[in-house]
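> Next comes the sequence, and after it the predicted model I'd like to discuss.
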Amino acid sequence: MPVQLVLNANEKNGHKPVKIFTNEVDPQALQQLRNIAALPFVYSHIAAMPDVHVGIGATVGSVIPTKGAIIPAAVGVDIGCGMNAVRLSLKAHQLPDNPKVLRTAIEKAVPVGFAEHKRETVKASSISALDVGIDKIVGKHAGIMKMIKQFRQTWARQLGTLGGGNHFIEICLDENQDVWVMLHSGSRGIGNCIGRYFIELAKKDMHREYGHLPDKDLSYLVEGTQHFADYVEAVSWAQDYAMLNRREMMRLVVEALKTVLPSFELTKEAINCHHNYVEQETHFGEQVYITRKGAISAQQGQLGIIPGSMGAKSYIVRGKGNGESFCSCSHGAGRKMSRMEAKRKFDSHDLVLQTEGIECRKDKGVVDEIPAAYKDIEAVMAYQSDLVEVVHTLRQIVCVKG
């Protein structure tokens, strides 16, 4: 479907238009979009994806093009969070009758929640490359180191770990009964600290320069300043870290599955893609900073991953390069209720019912991730038919949560 709703530009106030690829947007999210569109450095328009919902300052499911400034809180604290998926040369009938065997193997190989590896698992050369970058960053911003105990050991041992919240590892089947491994994670504790550190720097800079902003979570760093350059360097490092984290985690999962499955090969890597990040791109003839907060790149022909909730379908998609969305699409189903609301409304019994047939945690610790807390992924996909085409439809049979 094309753009469903437009918040028109206001020339008097300098507001840019907002183009929304759904007509199901709550009032708070609409106001957040208006607040972003009022910032003087926004380029062309804001694009909101079909999974759009309220975030902190910036709306989740938004694509924000800017010239001369970046909003650290729009990138967020899970810098480089994203997806990875690979297809195995196995069919559904080759999986064990008891899927818990798969879940147990994965959980033994990949630390979840706040846990980390007991030793570094990534190649020494990869760690050394990251060392050079982070040493340069903390050499200028020592406060980042103070935010993590055993700083270097922690970020090195968290490579190849899942984290908590909505992060997951899944075994899925596609429409051909082919087996896939799909996972979702980001830059772990170090990315969180970098994000929080520069968000606070931006707030301090804004307060010093302007005294008061309508929404302090939209505080920004201005190109040409030292803090801007340092943030670009740090966020780029965190995005590289997130990419490596997913690669390492996938390696560990595949190795673990080899111990409990028949011999197999990897037949297709769908993509390793961010959905919380910023990078320079060219749109409408201008080079701009594109911040995708809960959105993935969907350039013409580019493969991407759009996951559903714990009990819903997920999709491997191919981008259509739609200019109005800045060649983007949704990053998932999108929440329709907050975590606190989900915990108030549902319990572990509801979770058991809604995840029937899926091997996963079904305790109160993950009730906030219950499928009913999310939008209907099929409706979300229908709204973005102008943005992507579906290549594969996946359904999970095992889900590992943090």
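That came through fine. Just so you know, these numbers come straight off a predicted model, no measurement behind them.

> tell me which element Gly61 is part of?
Using DSSP states H and E, Gly61 maps to strand 60-66.

> helices and strands around that strand, which ones?
On a contact count with 3 or more C-beta pairs under 8 Å, 6 or more residues apart in numbering; DSSP states H and E, strand 60-66 meets helix 27-37, strand 46-53, strand 286-293, strand 295-297. (C-beta placed from N, C-alpha, C; glycine too.)

> Could you dump these into a markdown table with distance to His275 added?
Below are these laid out as a markdown table (distance: least, C-beta to C-beta, whole Å):
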| stretch | distance to His275 |
| --- | --- |
| helix 27-37 | 17 |
| strand 46-53 | 10 |
| strand 286-293 | 6 |
| strand 295-297 | 5 |
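
> Which of the ones you listed sits closest to Ile305?
Closest to Ile305 of the helices and strands packed on strand 60-66 is strand 295-297 (C-beta to C-beta; 7.4 Å).

> Just confirm Ala229 is within a helix.
Yes - Ala229 sits within a helix when classified using DSSP: H, G, I helix; E, B strand; the rest coil.

> Run through the chain and note the low-pLDDT ranges.
11-12, 210-214, 270 (pLDDT under 70).

> Break down it into its helices, ranges please.
27-37, 72-75, 100-109, 124-140, 151-157, 188-210, 226-257, 339-345, 348-354, 377-383 (DSSP state H).

> most tightly surrounded among these?
Greatest average neighbour count among the helices of the chain goes to helix 72-75 (a mean of 28), per mean count of other C-beta atoms under 10 Å.

> Residues contacting that one, please?
Taking contacts as C-beta atoms under 8 Å, 6 or more residues apart in numbering, the residues outside helix 72-75 that touch it are 36, 56-58, 62, 64, 195, 198-199, 201-202, 217-221, 231, 235, 276-278, 291, 293.

> go with 7 Å
Residues outside helix 72-75 that contact it (C-beta atoms under 7 Å, 6 or more residues apart in numbering) are 56-58, 64, 195, 198-199, 202, 217-219, 221, 231, 235, 276-278, 291, 293.

> Stretch 10-28 too?
With contact meaning C-beta under 7 Å, 6+ apart, stretch 10-28 is reached by 3-9, 33, 37-38, 40, 42, 44-50, 52-54, 324-325, 383-384, 387.

> could you list every residue that touches the nearest residue to Lys336 once chain neighbours are set aside?
Excluding the flanking residues, the one nearest Lys336 by C-beta to C-beta, 6 or more residues apart in numbering is Lys375, at 4.9 Å. Residues near Lys375 by C-beta under 7 Å, 6+ apart: Asp51, Ala333, Gly334, Lys336.

> can you give me the strands in the stretch 301-402 of the chain?
Assigned by DSSP state E, counting those that start in this stretch, the strands in the stretch 301-402 of the chain fall at 303-306, 314-319, 328-330, 359-360, 388-401.
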